[in-house]
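>>> I need the structure of the sequence given here:
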Amino acid sequence: MSDVQESIREQVEGNPVILYMKGSPQFPQCGFSMRAAQALAGCGVEFSYVNVLEDEQIRQGIKEYGNWPTIPQLYVSGELLGGCDIIMEMYESGELQEAVKTADPDA
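From the prediction side, this is the model:
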């Protein structure tokens with residue numbers, strides 16, 4: 001496993017809810033990342049994020065790690081849930097709120 005893949009694995013496993021996005025939740029750099037971060041914020045749960053624009057190796061590596069071609073990517077309890085469309089569908093159905101609360105029982 002490469003150093004980048006190992007670093008990503010540690011991030012994913014070390015954070016119950018982590019969003020790989022362009023920019024930050026406060027200053028998203030694309031509409032898809034903005035919508036994903038807003039959906040998570042709407043769940044009322046703490047989440048970690050990684051700004052993939054700050055590290056090209058992470059930006060490419062996360063696509064390989066989850067075998068998912070686009071960003072943002074949401075991981076909950078070490079599992080890839082998906083990108084923006086899936087996150088929004090899950091949020092609208094209530095599934096996202098349940099998934100993140102399971103990952104972070106203090107929420």
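>>> Residue 61 and residue 97, how far apart?
Noted for residue 61: a distance of 29 Å to residue 97, by C-beta to C-beta, to the nearest Å. For the C-beta atoms, the positions are set from N, CA and C on the backbone; glycine is no exception.
>>> same deal with residue 36?
On the measure of C-beta to C-beta, residue 36 and residue 97 end up 14 Å apart.
>>> Of these two, give the one with the bigger neighbour count.
Taking neighbours as other C-beta atoms under 10 Å, residue 36 and residue 97 compare with residue 36 leading, 31 against 18.
>>> what residue lies at the spatial centre of this protein?
residue 19 (1.9 Å; C-alpha atoms, centre = their mean).
>>> what does stretch 67-80 contact?
Contacts of stretch 67-80 with the rest of the structure, by C-beta atoms under 8 Å, 6 or more residues apart in numbering, involve 12-13, 15-22, 32-33, 36-37, 40, 52, 59, 62-63, 66, 81-84, 87, 99-100, 102-103.
>>> List the buried residues for it?
Neighbour counts over stretch 67-80 (16 or more other C-beta atoms under 10 Å) mark 68, 71-76, 80 as buried.
>>> Pick out whichever of those sits closest to residue 48.
Of all the buried residues of stretch 67-80, the one with the least separation from residue 48 (C-beta to C-beta) is residue 75, at 9.4 Å.
>>> so when I look at the closest one, I'm seeing a strand, right?
Yes - assessed by DSSP: H, G, I helix; E, B strand; the rest coil, residue 75 belongs to a strand.
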